[in-house]
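> predicted coordinates and the sequence they were generated for:
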Amino acid sequence: MEHRIADRYDLTTLIARGGQSEVWWAIDRQEDRGVALKLLAEHLVDHPTQPARLLRETEILRRLRHPAIVTLLDAGVDGKRAWLVTEHLPGGSARAMVAHHGPMRPARAVAVVRQVASGLMAAHAEGVIHRDIKPSNVLFDGHGQPRLADFGCSLVADDPRLTTTDHVLGSLRYMAPEQRIDSHRVDVRADVYGLAATLLHLLTGRTQRDPFMWTRRPEVLAGIDGPLAAAIGTGLAYERDDRWPDIRSFAAALTLGTETARAAPAHT
């Protein structure tokens, strides 16, 4: 393939390759800066929905300008391959950070998740449900501030496009139970679940197979302080009616949980 896109972006290092796209570290020759470039996988250029999905992700990112959401810089189609460019975030992903440095301290993990929650609240206010919240989609800038990335699986309210051909979208270990059955019959509580599962990973360093099973497997939340564990457990409820009703409620519960844990007397 050509290593220059749109006669402007030089692809230098492959960051990630999935079934639908590739993400490259690239040099913007016009602005003389490093960027991240997401490029539709070559074998999908004639797919009935995937090119449109990447273009729709571009539309979503144009709408969602928020400090906790990755910033869209440019987008287009090169030949038949759709692409989008976002800011380069040198801090890497939350998943990589935990893999390299171990679980985060509770205060830091909650601070990260609360910042991501602020971005999600902005997305939900625009009728966008992310549907793929996970540690690898939480990226950090050079100052350690998190951004939510990859809106390629997002569901947009009142948008009938791309709703009939894909039934299950997202990452299974962070996916709400109802999303596993039908990705289109979800609401903001699916993102509550994904954010709770992400926080669990940041705190434990482990990816749980079915974190909603915590009521039968107490080891899932082992080692997490009671109030914080309760907030996460509610976020991971199997039935969405038993979860926090929205991201704001979950974020508030996390704040209360960490404050309660901080104020509790030390055990002797």
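Everything's here; your move. Numbering: from 1, shown residues only.
> give the contact list for the residue nearest the centre of the chain.
The centroid of the chain falls nearest to residue 133 when counting by CA atoms, centre = their mean (3.3 Å). Going by CB atoms under 8 Å, 6 or more residues apart in numbering, residue 133 touches 116, 120, 148, 174, 191, 194, 195, 197, 198. Just so you know, the C-beta spots here come from the backbone N, C-alpha and C atoms, and that holds for glycine as well.
> ok, so what distance separates it from residue 40?
According to CB to CB, to the nearest Å, residue 133 stands 23 Å off from residue 40.
> next: residue 258.
Residue 258 sits 41 Å away from residue 40, going by CB to CB.
> the two - which one has more neighbours?
Between residue 258 and residue 40, residue 40 has the larger neighbour count (other CB atoms under 10 Å), namely 23 against 20.
> quick one: contacts for that one?
Residue 40 is in contact with 20, 21, 50, 51, 54, 81, 82, 83, counting by CB under 8 Å, 6+ apart.
> sketch out the low-pLDDT regions of the stretch 1-150 of the chain for me.
1-2 (pLDDT under 70).
> in it, which spans are helices?
Under the criterion DSSP state H, counting those that start in this stretch, the stretch 1-150 of the chain contains helices at 50-63, 94-101, 106-125.
> pick the most deeply packed of those helices.
helix 106-125 (a mean of 20; mean count of other CB atoms under 10 Å).
> okay, strands next: where are they in the stretch 51-200 of the chain?
72-78, 81-87, 92-93, 128-129, 138-140, 146-148, 155-156 (DSSP state E, counting those that start in this stretch).
> the nearest residue to residue 89 once chain neighbours are set aside: what's it in contact with?
Using CB to CB, 6 or more residues apart in numbering and skipping residues adjacent in sequence, the residue nearest residue 89 is residue 139, 4.1 Å away. By CB under 8 Å, 6+ apart, residue 139 lies in contact with 70, 89, 91, 92, 93, 94, 146, 147, 149.
> follow-up on the earlier one: tabulate the helices of the stretch 1-150 of the chain (JSON lines), appending distance to residue 224.
JSON lines is the format used below for the helices of the stretch 1-150 of the chain (distance: least, CB to CB, whole Å):
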{"stretch": "helix 50-63", "distance to residue 224": "33"}
{"stretch": "helix 94-101", "distance to residue 224": "15"}
{"stretch": "helix 106-125", "distance to residue 224": "7"}
